[in-house]
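>>> Model the structure of this input:
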Amino acid sequence: EDGPQTWPLVRKVILHGPWACLSTGACLVDLPGVRDANAARAKVSENYIKKCNKIWVVAPIKRAVDDGTAKELLGEQFKRRLLMDGQYGNVSFICTQTDDCEVTEIIRDHADVAKHEKGRWEKISHLSQKICEMEKRIGHQKEKEEDYKADVYQKEEEESFTHAYYKFEAWKGKNNDKIMTMQYDCQRLQSELKLICATVRNEYSKKSLQRDFKEGLRALYNINEEEEEEENPSKDSPKVTAIPKDFIMDVYCISANDYLKIQNIKPQSDGPPTTFRRAKDTQIPNLRKFIHDLTICSRSTFAKSFINSISDIMERMKIVVVDSKNVVNCKSSLRYKQIFEKEQEKIKELIQPIAELFNEIIYAKIHNFLRPALKNGADKSISAGIPISKSWGSKTLRTKRYRDINNNGLCYTTYYACVRRKGVYNSATVGLVDMNQELCDPMEKEFSVDWQCIMDNALLQLVIEFEMSFLKICSKVNYNIVNALAKEGMDRSRLADLSRVAGCGCFHVIEKKFEEIRLFTTQEQRKLNRSLLLFVQSQMDNCYEDLLNVPSGKGRFNRMKHIMETTTASKMKDLFDKLLMTILNEIYNLLKDIDTMISGTGAIVSKHLNAVYSICWDNLTIPSENDGLKIERKVRSFRNSLLPSLNLLFPNLRKIQDKLGIQHAATDFSITAVETSEDVNPEETIETKKIVEVIDLCDSNDDKELNQSPSY
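Alright, predicted model coming up:
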């Protein structure tokens, strides 16, 4: 135990097992904590928090509310980070060890909560009274038993001993069963009372944590009760709160110990459950359901995306196989291609105004709201830098529970430990000390709300709006292509099939691409809002080195404090001015990347449209008669072999789409072979064979049937 520790050598430990809560694909990560003084462990936590779906804050229920652990774990800086990340709605609090409760304390402290449910307080009072009466009766019987025992011991040397002994045994035979029954009944009543009291404490803890967390978020917006009742400001204002009025943090109060005993997972030698008798009362099943619901949603989204991709491929294969109007000459094919390319080029022209509008709106919001907030924040950090650095050397020391600018002093050992660790140290006496974060706080507090409103809320909302605009553009282009080709003489039933497949495919391509854009935007802005602290720490490194090089001896602490104060006085303005420009440049680079991704979506859509419509001009060369026959036979052979597989695959695809709630067209073909027009009408193909390959994909030579449009 006193030897070298192995944890610095371990990057992570992965556990696999047949656990029910992970059966739907969830991955639980036990993090070291965001307030860890070790830089490597803190970095691991930060990296996971940036990309995780949910954040659980876990603490024993006795500490969660009563001793302020929750407020420490869900501190202001943590809430501010969640707000800027857009993660405030993804936080849940898990209170553990709910089976460990003291009935008398809960009755004393939470009587008001018990009264919220009709009849519950009366039941608690009734059970408490019955238990007291029963304990008195048991105590009275125990006193009698002790009296009989004492009488037997006193008469041990006397002749009357035998009489006293038999009298005692007779009393025990008569009353032992009664005492055991009363003890059993008393334990049963105590268990019933304990269960009710544990439920009351769970309710109190849940409501307290939810209230404190919401009030902390509202405090970041400077919202009070009266302002919350007022109407929201206009959409142009960056102060539109992202916190819904009905926002409630998920809180689960669980007892793993009792759950394991109820489910007979723990051995019986550990004893019976201490508080709960049913698995659902431990709230473990509720927490498991929460995990399953979350992962099922993600799995469903992935499954829909995957099935949509498969559907697009199969629909294109179907178009190629069942295309019944492929009798065109080389000249017509070339003309179709030219018309398509002309209409396709308009995608760039139509996207350009969207990209320009996107830039205009988001740049205006940044210029009008975020840039001034960043500037004001930088000014506040510059002004507060010297007082903050002086406060670290104040004789009025901080504590774990209380600290402010007037009570922020550190003793020499803590001060020196911070300097050795580049400004970050987790002290057993005063808790976590982060000098770099304290220098950043004035700036972060000033711009955090505007950052969330613009870089998280407004930016993502604009991406969603422009996704809708993009879909309209693609629909318009697809419509124009169909009309242009129809005017050139292409069969409208054939165009209907092509248009439907192209439209569905474009929708899926755009949906997937804009999901990538949203994910990229979220990850990059989270990385960017963390760069402030990293930048300050890097700029303060030289200062920490200078402090470590201060000669030892009498007055060393004063000399260290003097260097810290003079360094911050000289560095603060340049540091935060440079930081301001760095953050703004990074923001503008992020916007350029988003603009590039949005514009690049046009090329992806064009590629997809070309893949669908290109079957109209795939072969622009005129083959010789012999070569044409060979090609035709090969194509027919390949298509004949493909059709049975498609006939089997499409019904299965439709079943999966129905199960996932994906709309689709009805499958309207069941063909097992492809005949050429030479097989059906040999006398009509002599001349056309010299011009172009002819393939008749229908089972009938009825012209009327051929001209009917397929129904989907």
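>>> Low-confidence stretches in the stretch 1-150 of the chain?
Scanning the stretch 1-150 of the chain for pLDDT under 70 picks out 1-2, 33-39, 66-73.
>>> Do a quick rundown of the helices in it.
For the stretch 1-150 of the chain, the helices defined by DSSP state H, counting those that start in this stretch cover 39-51, 61-64, 69-73, 76-85, 103-109, 111-114, 120-154.
>>> Find the residue at the geometric middle of the protein.
Per CA atoms, centre = their mean, the C-alpha nearest to the average position across the chain is that of Asn53, at 2.1 Å.
>>> is it true that that one touches Asp293?
No: counting by CB atoms under 8 Å, Asn53 does not reach Asp293; the two are 11.8 Å apart. For glycine as for every other residue, the C-beta is placed from the backbone atoms N, C-alpha and C.
>>> Output the below-cut-off pLDDT ranges for the chain.
Those would be 1-2, 33-39, 66-73, 156-159, 223-242, 323-331, 618-629, 631-632, 635, 665-712, if you go by pLDDT under 70 across the chain.
>>> Could you count how many residues lie near Gln461?
As a burial measure, Gln461 scores 11 neighbours (other CB atoms under 10 Å).
>>> list the buried ones in whichever strand or helix holds it?
Using DSSP states H and E, Gln461 falls within helix 459-487. Neighbour counts using 16 or more other CB atoms under 10 Å place 459-460, 462-463, 466-467, 470-471, 473-474, 477-478, 481-482, 484-485 of helix 459-487 among the buried residues.
>>> now do stretch 499-515
Those would be 499-506, 508-510, 513-514, for stretch 499-515 by 16+ other CB under 10 Å.
>>> what does that stretch rub up against?
Stretch 499-515 has contacts (CB atoms under 8 Å, 6 or more residues apart in numbering) with 305, 308-309, 311-312, 315-316, 318-319, 463-464, 467, 470-471, 474-475, 478-479, 481-482, 597, 601, 604-605, 608-609, 611-613, 665, 712.
>>> before we move on, back to that, tell me the contacts of the residue nearest to the centre of the chain?
Asn90, Leu294, Ser298.
>>> Now neighbour count and distance to Lys136 too, for those, in a markdown table please.
Output for these, formatted as a markdown table (neighbours: other CB atoms under 10 Å; distance: CB to CB, whole Å):
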| residue | neighbour count | distance to Lys136 |
| --- | --- | --- |
| Asn90 | 17 | 53 |
| Leu294 | 16 | 52 |
| Ser298 | 13 | 58 |
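>>> a markdown table for those residues, including distance to Arg492?
Compiled in a markdown table, the contacts of Asn53 are given as follows (distance: CB to CB, whole Å):
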| residue | distance to Arg492 |
| --- | --- |
| Asn90 | 50 |
| Leu294 | 47 |
| Ser298 | 42 |
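>>> from those, which single one is nearest Gln537?
Proximity of the contacts of Asn53 to Gln537 (CB to CB) peaks at Asn90, which lies at 26.7 Å.
>>> How about the contacts made by that closest one?
Cys52, Asn53, Lys54, Ile55, Leu82.
>>> centre of the chain versus stretch 151-164, how much separation?
Offset of stretch 151-164 from its chain centre (CA atoms, centre = their mean, to the nearest Å): 77 Å.
>>> buried residues in that stretch?
For stretch 151-164, by 16+ other CB under 10 Å, it's Val152, Ala164.
>>> mind checking the end-to-end distance for that stretch?
Stretch 151-164 has an end-to-end distance of 7 Å (CA to CA, to the nearest Å).
>>> And the contacts of that stretch?
Residues outside stretch 151-164 that contact it (CB under 8 Å, 6+ apart): Tyr148, Tyr165, Lys167, Phe168.
>>> Are any of those residues buried, and if so which?
Counted by 16+ other CB under 10 Å, the contacts of stretch 151-164 give Tyr148, Phe168 as buried.
>>> Now go through the contacts of stretch 151-164 and say which are in strands.
Nothing among the contacts of stretch 151-164 maps onto strands, per DSSP state E.
>>> Quick check: the farthest pair among the contacts of stretch 151-164?
Maximum pairwise distance in the contacts of stretch 151-164, criterion CB to CB, is 9.4 Å, between Tyr148 and Tyr165.
>>> So which residues of the stretch 501-650 of the chain form helices?
Under DSSP H, counting those that start in this stretch, the stretch 501-650 of the chain gives helices at 531-548, 556-613, 625-660.
>>> Now render these as TSV, adding mean neighbour count and distance to Arg137.
Formatted as TSV, those follow (neighbours: other CB atoms under 10 Å; distance: least, CB to CB, whole Å):
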stretch	mean neighbour count	distance to Arg137
helix 531-548	17	65
helix 556-613	17	68
helix 625-660	14	63
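>>> quick revisit: distance to Gln338 added to the buried residues of stretch 499-515, as JSON lines?
Converted to JSON lines, the buried residues of stretch 499-515 look like this (distance: CB to CB, whole Å):
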{"residue": "Ser499", "distance to Gln338": "19"}
{"residue": "Arg500", "distance to Gln338": "23"}
{"residue": "Val501", "distance to Gln338": "22"}
{"residue": "Ala502", "distance to Gln338": "18"}
{"residue": "Gly503", "distance to Gln338": "22"}
{"residue": "Cys504", "distance to Gln338": "25"}
{"residue": "Gly505", "distance to Gln338": "22"}
{"residue": "Cys506", "distance to Gln338": "21"}
{"residue": "His508", "distance to Gln338": "28"}
{"residue": "Val509", "distance to Gln338": "24"}
{"residue": "Ile510", "distance to Gln338": "26"}
{"residue": "Lys513", "distance to Gln338": "28"}
{"residue": "Phe514", "distance to Gln338": "31"}
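>>> what's the closest of the residues you listed to Val103?
Lowest distance from Val103 to these (CB to CB) belongs to Phe514, with 56.0 Å.
>>> Distance check, the closest one against Ile598.
Separation of Phe514 from Ile598 (CB to CB, to the nearest Å): 8 Å.
>>> Ok, Ser311 next?
25 Å.
>>> Leu439: how many residues sit nearby?
Applying other CB under 10 Å, we find 27 residues neighbouring Leu439.
>>> show me where the stretch 201-350 of the chain has strands.
For the stretch 201-350 of the chain, the strands defined by DSSP state E, counting those that start in this stretch occupy 250-253.
>>> which residues in it form helices?
For the stretch 201-350 of the chain, the helices defined by DSSP H, counting those that start in this stretch cover 225-229, 256-262, 284-322, 330-344, 346-365.
>>> Format the ones you listed as TSV; extra columns: distance to Ala378.
Shown next, in TSV, are those (distance: least, CB to CB, whole Å):
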stretch	distance to Ala378
helix 225-229	27
helix 256-262	47
helix 284-322	39
helix 330-344	48
helix 346-365	19
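>>> winner for burial among those helices?
The highest mean neighbour count among the helices of the stretch 201-350 of the chain, using mean count of other CB atoms under 10 Å, belongs to helix 256-262: a mean of 20.
>>> which non-adjacent residue is nearest Gln344?
Spatially, and ignoring its direct neighbours in sequence, Gln344 is nearest to Ser606 (5.3 Å; CB to CB, 6 or more residues apart in numbering).
>>> What of Phe470?
Ile510 (5.5 Å).
>>> Likewise for Gly423?
Going by CB to CB, 6+ apart, Gly423 has Met435 as its nearest residue, at 3.7 Å.
>>> Please tell me how far the one you found sits from Arg530.
When Met435 is compared with Arg530 (using CB to CB), they lie 17 Å apart.
>>> Neighbour count for those two, which is higher?
Met435 (26 against 16).
>>> so what's that one up against?
Per CB under 8 Å, 6+ apart, neighbours of Met435: Trp392, Cys418, Gly423, Val424, Met540.
>>> what residues are up against the third one?
In other words, Gly423. Asp434, Met435, Asn436, Gln537, Met540, Tyr544.
>>> with those in mind, which one is nearest to Glu345?
Using CB to CB, the contacts of Gly423 come closest to Glu345 at Gln537, 50.9 Å.
>>> Distance of Lys592 relative to Leu357?
16 Å.
>>> do the same with Ala114
Relative to Leu357, and taking CB to CB, Ala114 is found at 58 Å.
>>> try Lys375
26 Å.
>>> is it fair to say Leu432 lies in a strand?
Yes: assessed with DSSP: H, G, I helix; E, B strand; the rest coil, Leu432 lies in a strand.
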